[in-house]
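**Q** give me a model of this one.
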Amino acid sequence: MYHQESYKRHGNWYNQQFPTNKSKVDHYHKAKLSDEGTVSRWLQQIFFSCLEPLLQDRKQDWLTVGDAYGFDAQYILSKGSNALATDLNIDFLKVAKQEGVVIECAAENAEKLSFNNSEFDYVLCKESYHHFPRPYAALYEMIRVAKKGIVIIEPQDPVSKMPLLLLLNNLLPSKSRLLQKVWKNRFSFEPVGNFVYKVSEREFEKFAAGLNLPLVAFKRINPNFYFQGAENINTGTMNRKILSIQTKKCFLDLLVKLNIVPAQVLSTVIFKEAPNNNIVEQLKIKGYSLVTIPINPYIKA
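**A** The predicted structure is shown next:
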């Protein structure tokens, strides 16, 4: 079946890019040397800043899903919480453990997690959800093993946020050249073999409502400005490349704030239990919009 072939391709992907143990070790050493003050680090921090409201309470137990290099778990560990890093294939994560990047790791299929119900406080899936052949299966698994909630940070589907694009989609035939020209990445696939499954606020609202969950929080971010060599350039170096990225990002941030265009990436927190007032306030401070899900009046908890 297709999804089984997808698992196979993804399981082998990182070993194809880094085939030897030395190449994996060198990757971590390179990352460590370029860790502070680089363009790459700055862009990654935009992703990680989305976790800050939930990391105020230390000693939480986190599970990271699709965390191939262990960098997601590493960030959580650096903030004083526990984190178990998982991926389909953990050849890379074993090296990460040896290098002190992560403390523990495990081989897990996101669509069929081996953990007990509510075993972790939070589950993080960052830049991996769009790789899953059956993402909804993974979504239900992640919420099952979470006690407090899950965080999904993924590319955003533009159609629900762009009325003109939605209008064209409704009016024009699916094979229309104009529609294909305007919406070039409607059907986007990556070399590893997956369809790029972009997310939307509405689908997560429906997911939460269907399970009678209390709250969903959304933050729109624009971190996708990586280029080859970004890990070697310091942000303090005011060259043309950095100035161009900063200018483009500021302009795009403004357009997103004015609701003219959708953000590149959507950070979503789906709460399994109502968060305390401190977390709610921190979410608002960090730019999240909160959607309270009404209680289903026909089914008692």
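**Q** use CA for all of it now, contacts and neighbours both
**A** Noted.
**Q** contacts for the longest strand seen in the chain next, please.
**A** What stands out as the longest strand in the chain, according to DSSP state E, is strand 146-155. Strand 146-155 is contacted by residues 47, 117-130, 142-143, 198-199, 264-275 when judged by CA atoms under 8 Å, 6 or more residues apart in numbering.
**Q** which of the residues you listed are buried?
**A** Buried subset of the contacts of strand 146-155 (neighbour count, 16 or more other CA atoms under 10 Å): 47, 118-130, 142-143, 198-199, 264-272, 274.
**Q** can you flag which of those belong to helices?
**A** Using DSSP state H, the subset of the buried ones among the contacts of strand 146-155 located in helices is 47, 142-143.
**Q** let me have the residues you listed in JSON lines, extended by distance to Asn12 and pLDDT.
**A** Below are those laid out as JSON lines (distance: CA to CA, whole Å; pLDDT from 0 to 100):
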{"residue": "Phe47", "distance to Asn12": "26", "pLDDT": "97"}
{"residue": "Met142", "distance to Asn12": "23", "pLDDT": "98"}
{"residue": "Ile143", "distance to Asn12": "27", "pLDDT": "98"}
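**Q** ok, of those residues, which one's closest to Leu213?
**A** Using CA to CA, Ile143 comes nearest to Leu213 of these, at 10.2 Å.
**Q** quick check: the closest one touching Lys272?
**A** Yes - with contacts counted by CA atoms under 8 Å, Ile143 reaches Lys272, the gap being 7.3 Å.
**Q** look up how far Lys286 lies from Trp42.
**A** Trp42 sits at a distance of 17 Å from Lys286 (criterion: CA to CA, to the nearest Å).
**Q** ok, those two, which is more surrounded?
**A** For Trp42 versus Lys286, the count of surrounding residues by other CA atoms under 10 Å is larger for Trp42: 19 against 14.
**Q** gap between that one and Met238?
**A** Remark: distance between Trp42 and Met238 (CA to CA) = 14 Å.
**Q** got it, and Lys59?
**A** Computed with CA to CA, the distance linking Lys59 and Met238 is 39 Å.
**Q** neighbour count winner among those two?
**A** Neighbours were counted for Lys59 and for Met238 using other CA under 10 Å; Lys59 has more, 15 against 11.
**Q** local confidence estimate at the more buried one?
**A** If you check Lys59, the pLDDT there is 90.
**Q** now the strands for the stretch 1-150 of the chain?
**A** Ranges of strands in the stretch 1-150 of the chain, per DSSP state E, counting those that start in this stretch, are 61-65, 82-87, 104-107, 120-126, 146-155.
**Q** what is the neighbour count of the closest residue to Asn109 other than its chain neighbours?
**A** Distances taken as CA to CA, 6 or more residues apart in numbering place Leu88 nearest to Asn109, at 5.4 Å, with adjacent residues excluded. Leu88 has 19 neighbours, counted by other CA under 10 Å.
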